[in-house]
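# build me a structure from this.
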Amino acid sequence: MKKQKLAVSLVLVSALSLLAAEPQPYGAIPSERQLKWHETETFSLIHFSLNTYTDREWGYGDEDPKLFNPKPEIADQVISALKRGGMNGVILVAKHHDGFCLWPTKTTSHNITKSPWHDGKGDLVRQYSDSARKLGLKFGVYCSPWDRNSAKYGTDKYLPMYQAQITELLSNYGPIFEMWFDGANGGDGYYGGACEKRSIDSSVYYDWPNTWGIVRKLQPMACIFGDVGPDSRWVGNEKGYAAEDSWATFTPKGRKNPDRPSNGDSMNNKEGPAGHRDGANWIPPECDLPLRKGWFWHPDQDATVRSPSKLMDIYFNSVGKGGCMNLGVAPNRDGFVCDADIKSLDGFGTALKKLYAVNFAKGAAVTASAVRAGGDKISYNAANVIDDDRYTYWATNNDVKQGELTLTLAKEAEFDVIRLRENIKLGQRVDGFAVDTWQNGAWKEFAGGKSIGASRLIRGEKVKSSKLRLRITAAAACPCISDIGIFKMPQL
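Below is the predicted model:
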C-alpha cells in the first residue's frame, strides 16, 4: 500500500512539475542578436558616395575620387534628422558597387583619402559611427561584395581583399548592430581599366561561411542581412511590404541552385514577403525601401519623396508584420538631408510618437479563459500582456492551444489600432487569432489573422469600447502572448 501511495505521489509531483515548467520553444527561435534586432524596429540605410555627384544609381567604377567633396561636418545633421524621423539605427553604405570606400582602407587606393574632403584625411565611417553613438542610434555598415573598380574582382585575389575590408569595418568603429550584404554580383565594370563583363558564381565565390565567420568573430551581436540571411532576409521587394500574414521562420531557396541559395540567386522575390510557416531557420523579413525614387540623391526627385502617411502605411506592413523597416535616406551633394526629405521624416516621427503616446490598455483588468500553472519564479498571468515587457507573457497549459484574453478598460476609449506580440524567445506559435470589441452589449469582431510573431499591428475603423477580447483560435503549441496594446491613429 505504501509503495502504491508513493507511486501515486510521484506521478502527481511529476504532473505538477510539468504544469509549472516553462513552455518549450516551438520550431526555430531567434538568437540574442536577433532579439535585439527585432527590438530596433526602424532604421535607415544611407547611400552617399560618388554616385551622388554623377547622378547615377550604380557607378561604373571609373569615377574620379576628387568628385567627393561635401561639407566638412555632415553626419550630425543626417543622424539628427533620422532620430526625429523615428529611426533607431543607421546603416552606412561604406562601399557601393563602384568600389569607392568611404574610409581610409589599406585594401585599395580607390578610397576617401584620394578625395579633397578634409584634405584627404577624412573618414566618413568614423564621422557617422561617432555621431550615431552620440545621438543614441545603433550603427551598422554595408560593404558591397561586387566591386566594379578593382582589377582583382572575378579572380581568386579579390576575396582576401574583400574580407580585409570587412575586417577593417568591424574592427575600428565600435559595436555594429547589422552588417548588410547586397545581392548584386558581377557584370560589366571598369575593373582597373579592363572595361569588361565579369561573371562569378555568388554561391561559392565569396566563401560565405568564412566571410560571415569574420562578422561572427569580430561582432558577435551584429545581425547579418542578405537574401538568405542568415539573420534577417530581404523581404523580396523594395516597397517595404511584408505579406499580410508573415512568418519569421524561413527556408532559403535558390532559383538556379534550389539547395544552394545565395545573395543574387534566391527565391525571395516570391517567398520573402510571407516566409514559411515552420521554416528551418529564424530569418525575419527586413523591409527596405528608399524614401524617394532612388537610393542615391538625384536633383530632380524631390517630388518623389514619400509622404508621412505613406511611411506610416509601410511601417504597419513591415514592423507591423513582425519584421523591421529599413528606410533608405540619401544626403545631397553637401552631405545633408534636404528639406523635402526632412519634412517627411519629421512628419512620420511626430506621428509615431503621437500614436504610442497613450495606450488604452494601461490600467485594464485582464482575465483569461485559462492560465498555465506557474512556478516559484515565474508567472503566466493574464496581466503580463499589459506590463510593457516583451518577454513576460500569458500562457496556457501544454494541451490548451486555444484561449481568450479579455481586457476591461479603465474607461471607455475610442481607438483604431491594436498591437499584439508573442514571446518570440519561445518561437512563433499562433496560427490563428481574432480581436473583438464590446459593442451595444455584445462582442463584434474587429480584425483577425494567422501570424502574430514579434509584432502584429492592426488598423481598423475607429470604435468606442470599454472592453477588448483576443481569441487565439489556432496554435501549434500553447500560446505565449506577451503584449496587447490599444491605440488611436493621429491625424497625418
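# how about the helices of the stretch 1-150 of the chain, start to end?
2-20, 32-40, 50-54, 75-84, 124-135 (DSSP state H, counting those that start in this stretch).
# would you list the phi and psi of the residue nearest to residue 203 when sequence neighbours are not counted?
Excluding its sequence neighbours, the residue lying closest to residue 203 (CB to CB, 6 or more residues apart in numbering) is residue 262, at 3.9 Å. The way it works is simple: take the backbone N, C-alpha and C, and place the C-beta from them, glycine included. When quoted as degrees, to the nearest 10, the phi and psi of residue 262 stand at phi -160, psi 170.
# list the residues that contact residue 262.
202, 203, 208, 227, 228, 254 (CB atoms under 8 Å, 6 or more residues apart in numbering).
# give me the distance between residue 79 and residue 291.
Using CB to CB, to the nearest Å, residue 79 is found at 15 Å from residue 291.
# hmm, I typed the wrong one, I wanted residue 351.
Using CB to CB, residue 351 is found at 15 Å from residue 291.
# same check on residue 477?
Taking CB to CB, one finds residue 477 at 40 Å from residue 291.
# the two: who's more crowded?
Under the criterion of other CB atoms under 10 Å, the comparison of residue 477 against residue 291 puts residue 291 first, with 25 against 20.
# what about the stretch 1-150 of the chain, any weak spots by pLDDT?
1-20 (pLDDT under 70).
# hmm, back to that, and the gap between the residue nearest to residue 203 and residue 284?
Taking CB to CB, one finds residue 262 at 19 Å from residue 284.
# check residue 24 too.
Residue 24 is 21 Å from residue 284, by CB to CB.
# who's more crowded, the two?
Using other CB under 10 Å, the more surrounded residue of residue 24 and residue 284 is residue 284, with 31 against 10.
# identify the residues contacting the more buried one.
So residue 284 contacts 30, 34, 37-38, 232-233, 248, 250, 275, 322-324, 453-454 (CB under 8 Å, 6+ apart).
# now swap in residue 199 and tell me
Counting by CB under 8 Å, 6+ apart, residue 199 touches 154, 186, 187.
# got JSON lines for the residues you listed, with neighbour count and pLDDT too?
Formatted as JSON lines, the contacts of residue 199 follow (neighbours: other CB atoms under 10 Å; pLDDT from 0 to 100):
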{"residue": "154", "neighbour count": "20", "pLDDT": "97"}
{"residue": "186", "neighbour count": "18", "pLDDT": "91"}
{"residue": "187", "neighbour count": "13", "pLDDT": "95"}
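# quick one: which of those residues sit in strands?
residue 187 (DSSP state E).
# between the contacts of residue 199, which sits nearest residue 472?
Distance to residue 472 across the contacts of residue 199 (CB to CB) is lowest for residue 186, with 47.7 Å.
# surely residue 205 touches residue 156?
No. Assessed by CB atoms under 8 Å, residue 205 is found out of contact with residue 156, at 9.3 Å.
# more neighbours: these two, which one.
residue 205 (19 against 8).
# tell me the contacts of the more buried one?
Residue 205 neighbours (CB under 8 Å, 6+ apart): 159, 185.
# host element of it?
Under the criterion DSSP states H and E, no helix or strand holds residue 205.
# centroid residue for the protein?
residue 324 (2.7 Å; CA atoms, centre = their mean).
# so what's it up against?
Residue 324 touches 37, 38, 40, 41, 42, 43, 232, 284, 285, 286, 287, 318, counting by CB under 8 Å, 6+ apart.
# can you name the residues that contact the residue nearest to residue 105 when sequence neighbours are not counted?
Leaving out its chain neighbours, the residue that sits closest to residue 105 by CB to CB, 6+ apart is residue 111, at 5.0 Å. Residue 111 makes contact with 65, 100, 101, 102, 103, 104, 105, according to CB under 8 Å, 6+ apart.
# how about the contacts made by residue 132?
75, 79, 89, 90, 138, 139.
# now do the closest residue to residue 142 other than its chain neighbours against residue 89, distance only.
Among residues not flanking residue 142 along the chain, residue 180 sits closest, at 3.8 Å (CB to CB, 6+ apart). From residue 180 across to residue 89, the span is 11 Å (CB to CB).
# for those two, list the residues in contact with both.
residue 140.
# shaky segments in the stretch 351-492 of the chain?
375-377.
# could you pull out the strands in it for me?
Using DSSP state E, counting those that start in this stretch, the strands of the stretch 351-492 of the chain run over 365-368, 394-395, 403-422, 430-439, 442-449, 456-475, 480-487.
# which one of those has the most crowded surroundings?
Most buried of the strands of the stretch 351-492 of the chain by mean neighbour count (mean count of other CB atoms under 10 Å) is strand 394-395; its value is a mean of 29.
# quick one: contacts of it?
Against strand 394-395 from outside (CB under 8 Å, 6+ apart): 23, 366, 368, 371-372, 380-382, 384-385, 405, 478-482.
# quick check, nearest of those residues to residue 301?
residue 482 (41.1 Å).
# so residue 287 touches residue 313, yeah?
No. Counting by CB under 8 Å, residue 287 sits too far from residue 313 to count as a contact (11.7 Å).
# neighbour count winner among those two?
Between residue 287 and residue 313, residue 287 has the larger neighbour count (other CB under 10 Å), namely 30 against 17.
# quick one: contacts for that one?
Contacts of residue 287 (CB under 8 Å, 6+ apart): 235, 240, 241, 242, 314, 317, 318, 321, 323, 324, 325, 326.
# from residue 127, how far out is the nearest residue to residue 336 once chain neighbours are set aside?
Distances taken as CB to CB, 6+ apart place residue 77 nearest to residue 336, at 5.0 Å, with adjacent residues excluded. Separation of residue 77 from residue 127 (CB to CB): 11 Å.
# which one of those two has more residues nearby?
It is residue 127, of residue 77 and residue 127, that has more neighbours when counted by other CB under 10 Å, with 22 against 17.
# now render the contacts of residue 324 as TSV, adding distance to residue 175.
TSV is the format used below for the contacts of residue 324 (distance: CB to CB, whole Å):
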residue	distance to residue 175
37	13
38	17
40	13
41	18
42	18
43	14
232	17
284	21
285	24
286	19
287	24
318	24
